[in-house]
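Colleague: sequence and predicted model, in that order:
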Amino acid sequence: MTFIRLHDLITYLVVGTSFLVLLLSGELATGYWAVVAPFALLSVLVGGVAHRESPWAQPMPWNVVVLVALAGLVAAGLATGDWLLYALYFTTLLVIAKLFQRQTAADYQQLYALSFLVLIAGAVVNPGLSFALCYLLYVIFLSWALLMLHLRRDTERLAALLGTGSTEADLVAARERVRALFTPRFLASTSALALLIVFISVGVFLLFPRLGLGFFGQHLNRGAQVSGFSSTVELGNFGTMKQDQTVIMRVELPEVADPVPYLPLRLRGIAFDTYDGKRWSKSHREIRDVVEQLDDFWRIPDTDRLWPEIRAAGPLLMRVYLEQMEIGRKTIFAENRLRWVRDLHNPRLTIDPRRRTRFHWDSEHDVIYTGATKGPLRYEVKSYRIPREAERLREAGTELDEDFDLKRYTKLPDTLNPDIVALAERVTAGQKTDYDRAIAIEQHLVGEYKYSLAGGHDDADPLSDFLFSKKAGHCEYFATAFVVLARAAHVPARLCGGFFGGQHNPVGNYVAMRQADAHSWAEVYFPGTGWVVFEPTPPSGALAPEDTGFLSRLRQYMDSLQLAWYKWVIRWDLEAQLGMLRELGQKLGGAFDFLTPSFGRSGLMRDVRNAVKGTAVLIVGGVLLVLIGGLAGWLWRRRGRSGVARPPSSRERRRELARARRWFHALSRVARRLGVEVKAGTTSSSVVHALRHAHPMAAEPATAVVRVYEAVVFGDERLESSAEARCREAIASLKRLHVTRAG
């Protein structure tokens, strides 16, 4: 492969890797890629130096295309406000145009600059793990490309200096000598250097402050569409998600060594109190702010009572990492008795108060969040699990709390089919307590109806169609039927939506909640206890099937990497850096207190103290690493003094080359005295050959000098003192031959 073709191949690898980031993001339309791909392949055939006379390589047509496209994309940007998207279209178009016009080193340099812009934009629209893999490849390919660009520029300068006196063969030979440098060993060492640069950039990334992305951050909010989490939900929305294995959130249990005994998790996100026959909604839309804070957590007001043994056991701490989701409300998901919540991004020490996450709650005690921070939230919650103890719930009685609105949770639609009320009376006949009536309804639905994702229920009255006709449906139909039947039996109930299940990932020791785990269930209110979960969906449909097999294990490894990427890259900003420094200072305890002054005892001052301590320790550690590196370099240089071979410095190498050339010049002067004509371009082998014919006794000493000269100048060997001694002796013997001949 010639130098030009090798350079083109590496250039297309650089451009292709940057384009792959955009392709995997799904941001650009599929039709656009269908047009771009053929043009990119065509540029391989009709672009470059060999086709400089081709119409495709002429700048004028491409300038017209670019200007027309620029006008159209600007108009689209003004209409939609999505400037980043249309800037991506324009930049990729510039890359394609430049691929056809690539001829000189300057053209290739512009291509690399444009590909870098595409890569940077790809980091915004595709912040996933695929970007990390593409970035590693891009750094390696770009390192090769820049080295070849430098050599290409040198060959072009050589051709310009040679001028009209040079031939095409001279230039081809020069390029072939350059191409010979690019051996597999050379590319491997260059790749290792590129990876070292990536490793160093990771350290800079962790310590260098990162700020917001401005209007570019709007692309971080795009993600999986999840239905059922808005103020109004049509009956039947959850059915299409039960077969989707897309991970929606990852849940860590920091205080638990093994999360498996706590599975399945039931994370409630939203509750509804009003059903009109087709859809669920909230009758009270008032949202109140959470204002009470304790130990970095925001406390959610709650009037429900906890049993003494549950309170003694303490709440369950969960750390939740949400994925990108398009939902109606920014919902906090937790076990049904949510008590405390906090944003993991510095709940107290916040650089910009406007970016602080604010939590709110409504009449159903659903917790939602607002804030200027782009992307999904990562948060911690403390919540209680309320078991369903039959005897305790049977003894709850009927005396409700004064502020509990019984009519609100027993209200039925005005158009409700009377057969549903009759069914409720028949199912609960003979039951004396609300608990027994709820159990009877639950067992009736689980035993008499089948789980199905087929859908197709009557739009006019979907619940009647489910109960009396199809007798099959997904979780929303079962939960709706339970709540309506319970209310018809005068049992206060409501419908809840969230996630139920989860699959343990042993690689990262966390629980992955999938879109297939989206679920609806019911809750019944008991005096003195509060809302208790009832599950009317058959077991075959309540829990999504486990993802098993070799591919599942591979997906678990990839998902664990995805979580690490999300925690340490996507959500890593100035607030996270301060949190890392505070945590480092806190783990050091009283150590290194001499590095930080006493700031007082308040929580904020303690955080500042820990952050300063952590920063000081990192600085001291960095200085120590520099000193250790300097000491290692000094010891390496001393290896040559202790008798161990070491590579020469550039200055030593230049001196050795100069001395080797002086010995060859000395040989040339003696050869002239012996009658051999030595010109400026005469090679060393030619000098030896001529001396052998002029004087046979001169061949051996001349060969000794030439061997030393060629070994040092062309063989990259060291000029040892013994070799110089042989040269000195050889030149002396040649001079004696000259004296003998002259005599």
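Modeller: Structure received.
Colleague: which residues of the stretch 551-700 of the chain score low on pLDDT?
Modeller: Within the stretch 551-700 of the chain, the segments meeting pLDDT under 70 span 568, 570-623, 625-626, 629-630, 632-648, 680-681.
Colleague: for residue 343, which non-adjacent residue is spatially closest?
Modeller: Among residues not flanking residue 343 along the chain, residue 357 sits closest, at 4.0 Å (CB to CB, 6 or more residues apart in numbering). Bear in mind the C-beta positions are built from the backbone N, C-alpha and C, glycine included.
Colleague: the one you found is in contact with residue 367, isn't it?
Modeller: No: using CB atoms under 8 Å as the test, residue 357 is too far from residue 367 to be in contact (11.4 Å).
Colleague: of these two, which one has the most company?
Modeller: Of the pair residue 357 and residue 367, residue 367 is the one with more neighbours under other CB atoms under 10 Å, namely 24 against 21.
Colleague: not counting residues beside it along the chain, what's closest to that one?
Modeller: That would be residue 332: by CB to CB, 6+ apart, it lies 4.1 Å from residue 367.
Colleague: need the phi and psi values for the one you found.
Modeller: phi -90, psi 120 (degrees, to the nearest 10).
Colleague: that one contacts residue 383, correct?
Modeller: No: using CB under 8 Å, residue 332 is not in contact with residue 383; the gap is 9.9 Å.
Colleague: common neighbours of the two, please.
Modeller: Common contacts of residue 332 and residue 383, defined by CB atoms under 8 Å, 6 or more residues apart in numbering, comprise residue 338.
Colleague: tally of neighbours for the closest residue to residue 110 other than its chain neighbours?
Modeller: Among residues not flanking residue 110 along the chain, residue 98 sits closest, at 5.8 Å (CB to CB, 6+ apart). When neighbours are counted by other CB under 10 Å, residue 98 registers 21.
Colleague: same check on residue 147?
Modeller: Residues contacting residue 147 under the criterion other CB under 10 Å number 17.
Colleague: residue 330 now?
Modeller: 18.
Colleague: confidence score at the residue nearest to residue 435 when sequence neighbours are not counted?
Modeller: Closest residue to residue 435 apart from its sequence neighbours, by CB to CB, 6+ apart: residue 393 at 4.2 Å. On the pLDDT scale, residue 393 is placed at 92.
Colleague: quick one: contacts for residue 393?
Modeller: 433, 434, 435, 526, 529, 532.
Colleague: surely it is in a helix?
Modeller: Yes: under DSSP: H, G, I helix; E, B strand; the rest coil, residue 393 sits within a helix.
Colleague: how about the helices of the stretch 301-450 of the chain, start to end?
Modeller: Counting by DSSP state H, counting those that start in this stretch, the stretch 301-450 of the chain has these helices, from start to end: 308-313, 390-394, 418-427, 434-448.
Colleague: centre of the chain versus stretch 377-389, how much separation?
Modeller: A distance of 29 Å separates the centroid of the chain from that of stretch 377-389, by CA atoms, centre = their mean, to the nearest Å.
Colleague: stretch 548-558 too?
Modeller: Its chain's C-alpha centre and that of stretch 548-558 lie 19 Å apart, by CA atoms, centre = their mean.
Colleague: pull out the buried positions in that stretch.
Modeller: Buried residues in stretch 548-558, counting neighbours by 16 or more other CB atoms under 10 Å, are found at 555, 556.
Colleague: ok, now stretch 695-703?
Modeller: For stretch 695-703, by 16+ other CB under 10 Å, it's 695, 698, 701, 702, 703.
Colleague: how about stretch 302-321?
Modeller: Result for stretch 302-321 [16+ other CB under 10 Å]: buried residues 304, 306, 315, 316, 317, 318, 319, 320, 321.
Colleague: for the fifth one, which non-adjacent residue is spatially closest?
Modeller: Spelled out, that is residue 317. Distances taken as CB to CB, 6+ apart place residue 255 nearest to residue 317, at 5.0 Å, with adjacent residues excluded.
Colleague: did I read that right, that neighbour in a strand?
Modeller: No: counting by three-state DSSP, one finds residue 255 to be coil, located in no strand.
Colleague: now do the strands in the stretch 351-500 of the chain.
Modeller: If DSSP state E, counting those that start in this stretch is used as the criterion, the strands of the stretch 351-500 of the chain fall at 358-361, 367-370, 378-384, 450-451, 472-473, 493-501.
Colleague: and the fifth one, what does it pack against?
Modeller: In this case it means strand 472-473. Under the contact criterion of 3 or more CB pairs under 8 Å, 6 or more residues apart in numbering; DSSP states H and E, strand 472-473 touches strand 450-451.
Colleague: just to revisit the earlier point, how near is the residue nearest to residue 435 to residue 442?
Modeller: From residue 393 across to residue 442, the span is 13 Å (CB to CB, to the nearest Å).
Colleague: go on, residue 371?
Modeller: Counting by CB to CB - residue 371 and residue 442 are separated by 39 Å.
Colleague: these two: which is more packed in?
Modeller: When neighbours are counted by other CB under 10 Å, residue 371 and residue 442 differ, and residue 442 comes out ahead with 21 against 15.
Colleague: pLDDT at that one, what is it?
Modeller: Residue 442 is assigned 97 on the pLDDT scale.
Colleague: point out the ones among the buried residues of stretch 302-321 that are inside strands.
Modeller: 316, 317, 318, 319, 320, 321 (DSSP state E).
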